[in-house]
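Student: Coordinates only, no sequence provided:
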């Protein structure tokens, strides 16, 4: 198999080409034979020593490498006087390897550009208050750093002092800098605005969100597709058969009295044209290019097998909050019960939600802080995914969450909940010591462009199905606004998984999209699970950071920008990569069949065999590279025409959710 190449081999390929052209020029100019031979030897050495070394190493590991077969074929051609043909084989082989190296480097560079966010240094504050510059990679949890205006935040942490605006566009796609005050969490790689912040680091440098994304994408580039793994398994057996057939083509005619030179030449040509170089390279270039394109558009996938699975999906299930909606709900109504005041109910709910990762909980807390309420101390916090939270607030047992938390019927409470839901709002009940204390109404608008994105998804995959923990009434209101006809509401996490299993039992390949800790089972069980802004969520407390990590671990990829606008182009990209890989395989196999048949039935000139074999390898590499270049040009045209690039029609905030 063609080994992974590095950029220095591009220089070696260029040097081999120069030596080859020099040898040809000297030969045509009538130069002494020793000088021509020396030039050819330089060509063979410069272009063939790397593959030869790798091939010998493979033999030591009891593997037969195609690289070594090519070098042996070139040397054998030279041994019978075909210096030109052998040199041409070396030059084209080295050039195809250099092209693969360039393509791989460009793919990795496209990925790396997404991850070049964290600063190299940080201003560390020692215990005595002195400041010193240290490498950001050495930061550990518990350290305190100062971030001045315009600097990138060096680590995931919590603001101790200072007020500023933090720009997370590079990491999350958030278009507007977010006002950040003491107690807010910040992520490494985001950019501080006009104020100075003092931040306590919550995670070691190796465990930051951006470091996790970098490791995830690196794993994606290193993994191999199922089709590629199958090809490599077959390649070893096939290469042994090629060698065995070559030996037979050499020995049998010689035993029957054929001439040595013409028999050796035919065997050399067969070994060259039957080698599976192009087949081995048919799949991975296109898939690696697709990973880079997806990353440039704001989607990070864990490995190339995810792209293969995406190409097969024929059903989509979507979470509602944070996926169909903006994920930034607002408290629009507070109705107290039991003689309490609206501010009192809001303060109880916000205090209980202090440790919540959920988008609704953060909205409640944000509304209370904006109103300047003093929040009581909280203890014994517990989150129940899909239900709500429970905590002890100032000696009172408080529960905040779904209306079902109330248990038995409460006519007044039920009427308030029903009225909010009929208006398309999400109702959140507040219980104090088991009794209704009030109802909160929250509103979350659909994402801009959601209707157009859903239409594109219908054309690409089919009618999406919404699975939400929200109540049926507000869910139906949102579905009606977006033209959605398939909706399942009031679902717990286990219910969502049950619906997923129904679809899979019917033979469907399901793509699931969600956010938050409660969607982790759904994402893990789907054929492809994508989390909305998993690595880039912000929130209050370590629990928020931990929830994002759990969702990311369960998912196959991360939608760091608009989750709806990304889906249809992402599936199309995966299908296009699959088409390119299949076309490459068919083309490479056809070339091998034609050239082998020509060599066995007729007389295939060595130069034609070399050109056909190596040019087919070059073409499959170029065909994979075409995906990388073509989509970049399309994105540039879209920007020039005033439209956003495909898969990133909007750069919107992302957040975790329960429903």
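Tutor: Now that the structure is in, tell me what you want to look at. Bear in mind that the values here come from a model prediction, so they are computed numbers and not experimental data.
Student: what helix or strand does residue 292 sit in?
Tutor: helix 284-296 (DSSP states H and E).
Student: residues near residue 56, how many?
Tutor: Residues lying near residue 56 (other C-beta atoms under 10 Å) number 13. Using the backbone N, CA and C atoms, a C-beta is placed for each residue, glycine as well.
Student: Actually, residue 379.
Tutor: 9.
Student: heads up, I number from 21, so please use that
Tutor: Fine by me, first position is 21 from now on; the one you just mentioned is residue 399.
Student: which other helices and strands contact the helix or strand encompassing it?
Tutor: According to DSSP H and E, residue 399 maps onto strand 398-404. If contacts are counted by 3 or more C-beta pairs under 8 Å, 6 or more residues apart in numbering; DSSP states H and E, strand 398-404 sits against helix 362-372, strand 408-413.
Student: hmm, 6 Å instead?
Tutor: Helices and strands touching strand 398-404, by 3 or more C-beta pairs under 6 Å, 6 or more residues apart in numbering; DSSP states H and E, are strand 408-413.
Student: ok, and for the helix or strand just after the strand it packs on, which residues are buried?
Tutor: Going down the chain from strand 408-413, the next helix or strand is strand 416-421, by DSSP H and E. By 16 or more other C-beta atoms under 10 Å, the buried positions in strand 416-421 come out as 418-421.
Student: mind listing what the strand ranked longest in the chain pairs with, with the direction of each?
Tutor: With DSSP state E applied, the strand covering the greatest number of residues in the chain is identified as strand 455-463. Strand partners for strand 455-463, identified by DSSP bridges, are recorded as strand 350-356 (antiparallel), strand 446-452 (antiparallel).
Student: any idea how far that strand is from the chain center?
Tutor: 39 Å (C-alpha atoms, centre = their mean, to the nearest Å).
Student: chain center to the next helix or strand after that strand, what's the gap?
Tutor: Downstream of strand 455-463, the next assigned helix or strand under DSSP H and E is helix 470-480. How far helix 470-480 lies from its chain's middle: 21 Å, per C-alpha atoms, centre = their mean.
Student: So what touches the following helix or strand past helix 470-480?
Tutor: Where DSSP H and E defines the elements, the next helix or strand beyond helix 470-480 is strand 485-487. The contact list for strand 485-487 (C-beta atoms under 6 Å, 6 or more residues apart in numbering) reads 337-338, 340, 504, 506-508, 511, 516, 519.
Student: now do stretch 584-604
Tutor: Against stretch 584-604 from outside (C-beta under 6 Å, 6+ apart): 302-303, 306-307, 310, 319, 327, 330-331, 467, 469-470, 473, 476-477, 480-481, 579, 640, 643, 647, 666-667, 669.
Student: ok, 7 Å please
Tutor: Outside of stretch 584-604, the residues within contact range by C-beta atoms under 7 Å, 6 or more residues apart in numbering are 247, 302-303, 306-307, 310, 313-314, 317-319, 327-328, 330-331, 333, 467, 469-470, 473-474, 476-477, 480-481, 533, 579, 640, 643-644, 647, 666-670.
Student: Same check on stretch 139-158?
Tutor: Here stretch 139-158 has contacts from 138, 159, 163-166, 171-172, 174-175, 225, using C-beta under 7 Å, 6+ apart.
Student: give me that answer again for 8 Å
Tutor: 138, 159, 163-168, 171-175, 208-209, 218, 225-226 (C-beta atoms under 8 Å, 6 or more residues apart in numbering).
Student: What does the pLDDT read for the nearest residue to residue 461 once chain neighbours are set aside?
Tutor: Distances taken as C-beta to C-beta, 6 or more residues apart in numbering place residue 353 nearest to residue 461, at 3.4 Å, with adjacent residues excluded. Residue 353 is assigned a predicted lDDT (pLDDT) of 92.
Student: OK, contacts around residue 353?
Tutor: Residue 353 touches 440, 445, 459-461, counting by C-beta under 8 Å, 6+ apart.
Student: residues near the residue nearest to residue 63 when sequence neighbours are not counted, how many?
Tutor: Leaving aside its sequence neighbours, residue 63 sits nearest to residue 39 (C-beta to C-beta, 6+ apart; 3.9 Å). Using other C-beta under 10 Å, residue 39 is surrounded by 23 other residues.
Student: who's in contact with residue 39?
Tutor: By C-beta under 8 Å, 6+ apart, the contact set of residue 39 is 59-60, 62-63, 66-67.
Student: Residue 161 and residue 224 touch, don't they?
Tutor: Yes. The pair residue 161 / residue 224 is scored as a contact, 5.6 Å apart, by C-beta atoms under 8 Å.
Student: more neighbours, those two?
Tutor: Shown here are residue 161 and residue 224; by other C-beta under 10 Å, residue 224 has more neighbours (17 against 14).
Student: I'd like to know how far the more buried one sits from residue 160.
Tutor: 5 Å (C-beta to C-beta, to the nearest Å).
Student: hey, what's residue 411 bridged with?
Tutor: In this structure, residue 411 bridges to residue 418 when assessed by DSSP bridges.
Student: Could you double-check that it sits in contact with residue 374?
Tutor: Yes. Judged on C-beta under 8 Å, residue 411 makes contact with residue 374 at a distance of 7.4 Å.
Student: Now list whatever residues contact both of the two.
Tutor: Contacts common to residue 411 and residue 374, judged by C-beta under 8 Å, 6+ apart, are 398, 401.
Student: what about the two, which has more around it?
Tutor: When residue 411 and residue 374 are compared on other C-beta under 10 Å, the one with more neighbours turns out to be residue 411, at 22 against 19.
Student: so who does the more buried one touch?
Tutor: Contacts of residue 411 by C-beta under 8 Å, 6+ apart are 371-372, 374-375, 398-402, 418.
Student: ranking those by neighbours, who comes first?
Tutor: residue 372 (31 neighbours).
Student: distance of that residue from residue 425?
Tutor: Distance from residue 372 to residue 425, counting by C-beta to C-beta: 12 Å.
Student: any shared contact partners between the two?
Tutor: residue 419.
Student: re earlier: just checking: the least confident one among the contacts of residue 353 is which?
Tutor: residue 445 (86).
Student: and of the buried residues of strand 416-421, the nearest to residue 270?
Tutor: Distance to residue 270 across the buried residues of strand 416-421 (C-beta to C-beta) is lowest for residue 421, with 78.2 Å.
Student: quick one: the longest strand of the chain to helix 362-372, angle?
Tutor: 90 degrees (axes from the mean of the first three to the mean of the last three C-alpha atoms, to 10 degrees).
Student: what comes up buried for strand 455-463?
Tutor: Going by 16+ other C-beta under 10 Å, strand 455-463 has these buried residues: 456-463.
Student: tell me the angle that strand makes with strand 416-421.
Tutor: Using the same axes, to 10 degrees: strand 455-463 against strand 416-421 is 40 degrees.
Student: List of residues touching strand 455-463?
Tutor: Here strand 455-463 makes contact (C-beta under 8 Å, 6+ apart) with 349-358, 360, 362, 365-366, 368-369, 380, 383-384, 418, 426, 430, 432-433, 436-437, 440, 443-451.
Student: Equivalent analysis for stretch 287-296, please.
Tutor: Applying C-beta under 8 Å, 6+ apart, the set of residues contacting stretch 287-296 is 86, 89-90, 92-93, 96-97, 109, 251, 255, 258-259, 262-263, 265-267, 269-270, 608, 612, 615-616, 618-620, 624-626, 629-630, 632-633.
Student: If we use 7 Å, what do you get?
Tutor: 86, 89-90, 93, 96-97, 109, 255, 258, 262, 265-266, 269-270, 612, 615-616, 619, 624, 626, 629-630, 632-633.
Student: now stretch 217-225
Tutor: 156-167, 173, 175-182, 184, 206, 231, 562, 565.
Student: for the stretch 171-320 of the chain, what spans make up the helices?
Tutor: Using DSSP state H, counting those that start in this stretch, the helices found in the stretch 171-320 of the chain span residues 189-192, 229-242, 246-275, 280-294, 297-300, 304-316.
Student: Mean confidence (pLDDT) on the third one, please.
Tutor: Mean per-residue pLDDT for helix 246-275: 77.
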